[in-house]
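K.L.:
no sequence for this one, just the structure:
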């Protein structure tokens, strides 16, 4: 079985690699071709970050380490690789299906919102799901903060989607979009993720559904 701390250490390695690469892109290149920033950009390329992280996703899933699997998807998304959006969709599916730390699930859904056009119903569905996750899973002192954040997120989506500014209009918008009924918006989220993953999923979702804890 994969050591439980491996994805965390990989997240640190891959994230620092991406940060160094991003820093090197904003640092003017000197006439010295062997400058440290240029070496960092070469040695820690986006492709390298993807190649390091992609196998870890499979390993985490095999070991049932769902939080670390979603973290791997988050890293893959942030590489900007051609399959970055597919990685995001996989992370969202895992983060919604399994009872991981809700803040990470919400962060993945926020990525999807950021990737969608202003008039996209997909953004509204993602924001509603984020609120649902916060309400159902958040515990302790962070619960109210996360719920407040997701409420604000849904309000922002309403403004950009339909120029909603007033509470009464917002309530009507939520009802019209069926964003108050998880039996309606969760299947719509699944449809969005299927569209993003039109080239196929990296894992068998039916098999993974059988591994969801029975008390959830």
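P.N.:
Nice, thanks for sending it over. This is a predicted model, so every value here is computed, not measured. Numbers count the residues shown, from 1 in each chain.
K.L.:
which non-adjacent residue is nearest residue 213?
P.N.:
The spatial neighbour of residue 213 that comes closest, neighbours along the chain excluded (C-beta to C-beta, 6 or more residues apart in numbering), is residue 99 at 6.5 Å. Any C-beta I mention is one placed from the backbone N, CA and C, and that applies to glycine too.
K.L.:
Please, where are all the strands along this structure?
P.N.:
With DSSP state E, there are no strands along the chain.
K.L.:
how about the helices in it?
P.N.:
Remark: helices assigned in the chain by DSSP state H are 6-26, 36-43, 46-63, 66-78, 84-97, 102-115, 121-137, 143-162, 167-176, 182-196, 205-209.
K.L.:
how about these, which one is nearest residue 215?
P.N.:
Nearest to residue 215 among those is helix 121-137; the distance by C-beta to C-beta comes to 12.7 Å.
K.L.:
thinking again about what came up before, thinking the residue nearest to residue 213 is in contact with residue 211, fair?
P.N.:
No - here residue 99 does not reach residue 211: they are 11.8 Å apart, not a contact under C-beta atoms under 8 Å.
K.L.:
the more surrounded of these two?
P.N.:
Neighbours per residue (other C-beta atoms under 10 Å) separate residue 99 from residue 211, with residue 99 holding more: 17 against 11.
K.L.:
Need the pLDDT of residue 132.
P.N.:
According to the prediction, residue 132 has pLDDT 97.
K.L.:
thinking again about what came up before, and the helices of the chain as TSV, adding mean neighbour count and distance to residue 215?
P.N.:
Formatted as TSV, the helices of the chain follow (neighbours: other C-beta atoms under 10 Å; distance: least, C-beta to C-beta, whole Å):
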stretch	mean neighbour count	distance to residue 215
helix 6-26	16	24
helix 36-43	14	45
helix 46-63	18	20
helix 66-78	24	15
helix 84-97	23	15
helix 102-115	20	16
helix 121-137	23	13
helix 143-162	17	19
helix 167-176	13	30
helix 182-196	15	18
helix 205-209	12	15
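K.L.:
Could you check the pLDDT of the residue nearest to residue 213?
P.N.:
Looking at residue 99, its pLDDT is 94.
K.L.:
and if you look at the one 10 residues further on?
P.N.:
Predicted confidence (pLDDT) for residue 109: 98.
K.L.:
Now do the contacts for it.
P.N.:
Neighbour list for residue 109: 92, 95, 96, 126, 127, 129, 130, 133 [criterion: C-beta atoms under 8 Å, 6 or more residues apart in numbering].
K.L.:
could those residues go into a markdown table alongside distance to residue 56?
P.N.:
Converted to a markdown table, those look like this (distance: C-beta to C-beta, whole Å):
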| residue | distance to residue 56 |
| --- | --- |
| 92 | 18 |
| 95 | 16 |
| 96 | 20 |
| 126 | 25 |
| 127 | 29 |
| 129 | 25 |
| 130 | 25 |
| 133 | 24 |
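K.L.:
so what's the backbone phi/psi at residue 178?
P.N.:
With angles defined as degrees, to the nearest 10, residue 178 sits at phi 60, psi 40.
K.L.:
what about it, how many residues close to it?
P.N.:
Residue 178 has 15 nearby residues by other C-beta under 10 Å.
K.L.:
in terms of contact, does it touch residue 187 like I think?
P.N.:
No - in terms of C-beta under 8 Å, residue 178 does not count as a neighbour of residue 187; the distance is 10.4 Å.
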